[in-house]
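Engineer: Need coordinates for the following:
(one chain, ligands or ions: 2)
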Amino acid sequence: MTTPLKIAVHGAAGRMGRRVVALASADPSVEVTAAIENDQHELLGADAGELAGVDTLDVPLASKWPTDVDVVIDFSLPDAIDRCIEKCESHDTALVIATTGMTDAQVERLRDASASIPVVWAPSMSLAVNLTMKLAQQITEKLRDVPGGLDIEIIERHHRFKADAPSGTALKFGDLIAEKLGDDTKHVHGREGHTGQRTRNEIGYHAVRVGDNPGEHTIVFGMLGERIELNVAASNRDCYAAGAIAAAKWLIDRPAGMYDMFDVLEM
Ligand SMILES: NC(=O)C1=CN([C@@H]2O[C@H](COP(=O)(O)OP(=O)(O)OC[C@H]3O[C@@H](n4cnc5c(N)ncnc54)[C@H](O)[C@@H]3O)[C@@H](O)[C@H]2O)C=CC1
Ligand SMILES: O=C(O)C1=N[C@H](C(=O)O)C[C@H](O)C1
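Structural biologist: Ligands and ions are numbered 1, 2, ... in the order given. Coordinates of the predicted model:
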């Protein structure tokens, strides 16, 4: 048997961090060796397995950066990202980064780091979401020049606790669709007041925050006379956690570089 991949979960006490710990603890090919949290977290010292609702792992929630780790899986907050990138770089550790809402400067910093460490960065680790992104691009390509015009709007729904809007996934859908629409695409966030008629080159974004929704995206392709709606919805967070663990396993044999879930899923 090969040695299990040593994983550190960054943001281990969060909604996603706990699911990563839970799924990883049931997978013999990986081992959670560290559970990183912010230095003010009230649960520091608690066992990461117990927090995740599985067996005790003897891995305490800690803020100190661990040493013996193959891959860091990050589901945290933008404020925590600078340290995470810096530590992965200085420890020469592969990084799967799932946090959304990063600033442009942080994305630049991540790109710099990927010159020396392998990084998977994706706003959604879900197989279904990434497949839907490809479908959205295909539909856009086919309908872009349809007589009467094509209107594309992205509606995302998430739980009330989500801190960023629109979702990272909605923004990525928009960027991928814009690649097929052309350079003059305008990204329009919500509409209010006397907006005038919709222009032909815009993508509209609408962020709904309700209850405990773990993530849902609907891409509306509206034409005169008919429309297509692509809907992809999570029933729980395990699609993201499983995707992140798959990304960690895939990443470990790669050279330094910036990868995404299309690379991991070979799409
Ligand atoms: N790429 C993907 O597939 C997905 C991405 N996300 C993103 O992941 C992020 C986390 O989502 P949730 O788990 O729902 O949020 P959450 O708020 O439940 O968890 C974030 C965790 O990060 C911790 N944290 C804050 N500062 C830290 C620091 N300095 N060091 C280490 N940990 C720190 C918090 O204490 C908290 O436990 C969000 O940006 C969300 O949009 C969420 C689901 C899927
Ligand atoms: O915060 C969440 O929950 C999610 N965030 C990601 C995003 O912003 O795209 C991915 C997923 O939709 C869940």
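
Engineer: Any part of the helix or strand harbouring residue 241 near ligand 1?
Structural biologist: Per DSSP states H and E: residue 241 is located in helix 238-251. Yes: counting by C-beta under 6 Å from any ligand atom, contacts between helix 238-251 and ligand 1 involve residue 240. All C-beta atoms are positioned from the backbone trio N, CA, C, and that covers glycine.

Engineer: what number of residues lie near the residue nearest to residue 150 when sequence neighbours are not counted?
Structural biologist: Spatial nearest neighbour of residue 150, chain neighbours left out: residue 143 (4.8 Å); criterion: C-beta to C-beta, 6 or more residues apart in numbering. Residue 143: 16 surrounding residues under other C-beta atoms under 10 Å.

Engineer: Contact partners for residue 143?
Structural biologist: Counting by C-beta atoms under 8 Å, 6 or more residues apart in numbering, residue 143 touches 150, 221, 223, 228.

Engineer: how much space between residue 253 and ligand 1?
Structural biologist: Computed as C-beta to the nearest ligand atom, to the nearest Å, the residue 253 to ligand 1 distance reads 22 Å.

Engineer: what's the answer for residue 13, then?
Structural biologist: Using C-beta to the nearest ligand atom, residue 13 is found at 4 Å from ligand 1.

Engineer: what does the helix holding residue 241 contact?
Structural biologist: For helix 238-251, using C-beta under 8 Å, 6+ apart, the contacting residues are 5, 7, 16, 19-20, 22-24, 27, 29-30, 70-71, 73, 75, 94, 96, 98, 118-120, 122, 124-129, 215, 234, 259, 261, 263-264.

Engineer: Can you confirm whether the helix of greatest length in the chain lies near ligand 1?
Structural biologist: Scanning the chain for the helix with the most residues, using DSSP state H, yields helix 127-143. No: using C-beta under 6 Å from any ligand atom, helix 127-143 stays clear of ligand 1, coming no nearer than 7.6 Å.

Engineer: Just the CA atoms of the one helix or strand residue 179 maps to, as CSV, please.
Structural biologist: Assessed by DSSP H and E, residue 179 sits inside helix 168-181. C-alpha atoms of helix 168-181 as CSV (Å, rounded to 0.1, in the frame of the first residue of the first chain):
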residue,chain,number,x,y,z
GLY,A,168,-17.1,33.1,-7.8
THR,A,169,-18.8,30.5,-9.9
ALA,A,170,-21.3,33.0,-11.4
LEU,A,171,-18.3,35.2,-12.3
LYS,A,172,-16.5,32.3,-13.9
PHE,A,173,-19.6,31.3,-15.9
GLY,A,174,-19.7,34.9,-17.1
ASP,A,175,-16.0,35.0,-18.1
LEU,A,176,-16.2,31.7,-19.9
ILE,A,177,-19.4,32.8,-21.8
ALA,A,178,-17.8,36.2,-22.6
GLU,A,179,-14.8,34.3,-24.2
LYS,A,180,-17.4,33.1,-26.7
LEU,A,181,-19.4,36.3,-27.1
